[in-house]
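**Q** The sequence isn't on hand, but the structure is:
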């Protein structure tokens, strides 16, 4: 085959299930002697790597409710309201589906907004967890043309608009979760599906409940695969975005993936189609889908994608007013590309087909920035520079783009560790004017205006004499305010784990061993004094086996003793020891340190652990002070 060979599929399914199986949807040219080459994979992924920035749209009948059911508001993911409010299928159909009539929907206006914002691709929900198809599906009458008064195919209109505006196009399809069909998985409150709510029955629930397997197979054969094949055949998507594979047994996910690969060797497929622990999963998908709603970016190798959303919900939620400013997404985009990833930014349109004005304002703000600075994102990639005190950097060819979040207070932007000579430096907002450059050993000083042209992210271009090379040690700075050392950028974290990067958990975790530590390798080119602050979470005891309602399902919270103990922060001959204080986002003053020119390790280590874990460190902040 042109993508993944039959032998790989048989092996993967066999390893996952212990049973050798014959997937039903392979095409005739899927033969064992066809192995995908790197060149074939790169050809499929080329447009995705070039785009770097895309629009994600969660839209469907649930948008009519806007996160409210019979007067009761629900926070969290509004597209989950059928599950959260336990709305029976018949009631949902009568009160939601049959009232869904988005007469103000304008596909061209949506796509123009994406284009003007800088997005290079567009992904929309063709079927979300409610099981309702937003396209003309022959596999199920539970779709927008047959079950609503709208009687139009918005997916077809969006596909045509995407082609018109030169934007790559594809679908989100909830392949493993379906509340709309009697035989669909996930409708727990009516059908007691053991996989419906995450972790309630353990990661391998299908082994405990084998009686569910025939129903899962029937759903996959009669709805999931047929509808996915319809989407590929009718709309010829560039990308298919799947979700919640833990709701299905591994062999069913693999059968679905085999069907996709056979139907379209060129379509890009994200990692959420299979459970990561399934053997060979990393080699079968195209890129890794990381955390929902990221605020910080954790290290991720290879091709990967972050999916922030404008507020805290993916579907339209009129109760959620926590919209982030454009500057948040501009900086997050720069952080993402600096670490080699894409950002697929979500909005949830309203039930009438219009877009929330708050969302429009955010996109317009990003678009204004993009008009000047988009070249630093489109086609750019992972930087060779260490993280800089003033911000981030991206690279394209021999050009480095400096994304300055904190403007220097002395008119001198110092780039730490750039070994390659620079032929020219200029602001993207004023490319005709070259900026003066001076070099001191590994570092460059660039003369910049007194005031930042763009307070969110001013971008400078450095045209280098060759491929940029850099020293990995981070340079401390005294002219840009506080220098935040994030745990996600630490040089070494021992055996600690990462949180996901959401605002609530941008930390290291599992700090249970005295020999674990967090280390940043730092350099100072002058004598300087800093005040140090540690920022961490230290949760208290938690109740055993407590079921909590998360963003996308119920989760078990296991018992624990909470955090506790003492820790030490050291750099050179200086150290400060503190007892852990219980709380969320604790800011602990560590005192002041004077650093001489040289290279150092700033290390956070455990002295004593009295809780289940020491703490969940977020960052260490160095604030320049007068010595």
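**A** Looks like it arrived, so ask away. Not measured: the values here are computed from a predicted model. Numbers count the residues shown, from 1 in each chain.

**Q** Specify the local secondary structure of the closest residue to residue 217 other than its chain neighbours.
**A** Nearest residue to residue 217, sequence neighbours excluded (Cβ to Cβ, 6 or more residues apart in numbering): residue 252, at 6.7 Å. To be clear about C-beta, it is placed using only N, CA and C from the backbone, and glycine gets the same treatment. Put simply, residue 252 is helix when judged by DSSP: H, G, I helix; E, B strand; the rest coil.

**Q** these two touch, right, residue 252 and residue 216?
**A** Yes: Residue 252 lies in contact with residue 216 (Cβ atoms under 8 Å); the separation is 5.5 Å.

**Q** If you count surrounding residues, which of the two has more?
**A** Neighbours were counted for residue 252 and for residue 216 using other Cβ atoms under 10 Å; residue 252 has more, 26 against 22.

**Q** List the contacts of the more buried one.
**A** Counting by Cβ atoms under 8 Å, 6 or more residues apart in numbering, residue 252 touches 176, 216, 217, 220.

**Q** Inside helices: which ones of these?
**A** Using DSSP state H, the subset of the contacts of residue 252 located in helices is 216, 217.

**Q** is it possible to export the contacts of residue 252 to CSV including distance to residue 461 and pLDDT?
**A** Shown next, in CSV, are these (distance: Cβ to Cβ, whole Å; pLDDT from 0 to 100):
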residue, distance to residue 461, pLDDT
176, 45, 90
216, 53, 88
217, 55, 93
220, 50, 95
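
**Q** what bridges to residue 531?
**A** For residue 531, the beta-bridge partners are residue 592, residue 623 (DSSP bridges).

**Q** any idea how far it is from residue 489?
**A** 20 Å (Cβ to Cβ, to the nearest Å).

**Q** same check, this time on residue 590
**A** Using Cβ to Cβ, residue 590 is found at 19 Å from residue 489.

**Q** Please apply the same query to residue 463.
**A** Distance of residue 463 to residue 489, computed by Cβ to Cβ: 26 Å.

**Q** so where do the helices sit in the stretch 251-400 of the chain?
**A** 281-284, 326-338, 357-373 (DSSP state H, counting those that start in this stretch).

**Q** tell me the mean pLDDT over the longest one?
**A** Model confidence over helix 357-373 averages 98 on the pLDDT scale.

**Q** what's the answer for the second one, then?
**A** Per-residue pLDDT values across helix 326-338 average out to 98.

**Q** hang on, the earlier thing: higher neighbour count, residue 463 and residue 489?
**A** Legend: neighbour count by other Cβ under 10 Å for residue 463 and residue 489, higher for residue 489 (18 against 14).

**Q** my guess is the more buried one meets residue 520, correct?
**A** Yes: counting by Cβ under 8 Å, residue 489 touches residue 520, with 7.4 Å between them.

**Q** Need the overlap of contacts for those two.
**A** Overlap of the contact sets of residue 489 and residue 520 (by Cβ under 8 Å, 6+ apart) consists of residue 474.

**Q** one step back: quick one: which of the contacts of residue 252 is nearest to residue 323?
**A** Using Cβ to Cβ, residue 176 comes nearest to residue 323 of the contacts of residue 252, at 30.1 Å.

**Q** Give me the below-cutoff pLDDT ranges for the stretch 401-550 of the chain.
**A** 542-550 (pLDDT under 70).

**Q** let's see it at 50
**A** 543-545 (pLDDT under 50).

**Q** picking up where we left off before, just say which of the helices of the stretch 251-400 of the chain is most tucked in.
**A** Comparing the helices of the stretch 251-400 of the chain by mean neighbour count (mean count of other Cβ atoms under 10 Å), helix 326-338 ranks first with a mean of 23.

**Q** give me the number of residues near residue 298?
**A** Using other Cβ under 10 Å, residue 298 has 20 other residues around it.

**Q** Kindly report the same for residue 397.
**A** Count around residue 397 with other Cβ under 10 Å applied: 11.

**Q** pLDDT at it, what is it?
**A** According to the model, residue 397 carries a pLDDT of 98.

**Q** repeat for residue 11
**A** Looking at residue 11, its pLDDT reads 45.

**Q** Next: the one 4 residues further on.
**A** According to the predicted model, the pLDDT of residue 15 comes to 40.

**Q** before we move on, the earlier item: top of the contacts of residue 252 by neighbour count?
**A** In the contacts of residue 252, the most neighbours by other Cβ under 10 Å go to residue 176, 29 neighbours.

**Q** Show the contacting residues for it.
**A** 185, 186, 224, 242, 243, 244, 245, 246, 247, 248, 252, 253.

**Q** Number of residues surrounding the third one?
**A** What that stands for is residue 224. When counting by other Cβ under 10 Å, one arrives at 28 neighbours for residue 224.

**Q** Could you measure from it over to residue 162?
**A** As judged by Cβ to Cβ, residue 224 and residue 162 stand 24 Å apart.

**Q** What of the fifth one?
**A** When distances are taken as Cβ to Cβ, residue 243 and residue 162 turn out to be 21 Å apart.

**Q** No further queries at this time; thank you.
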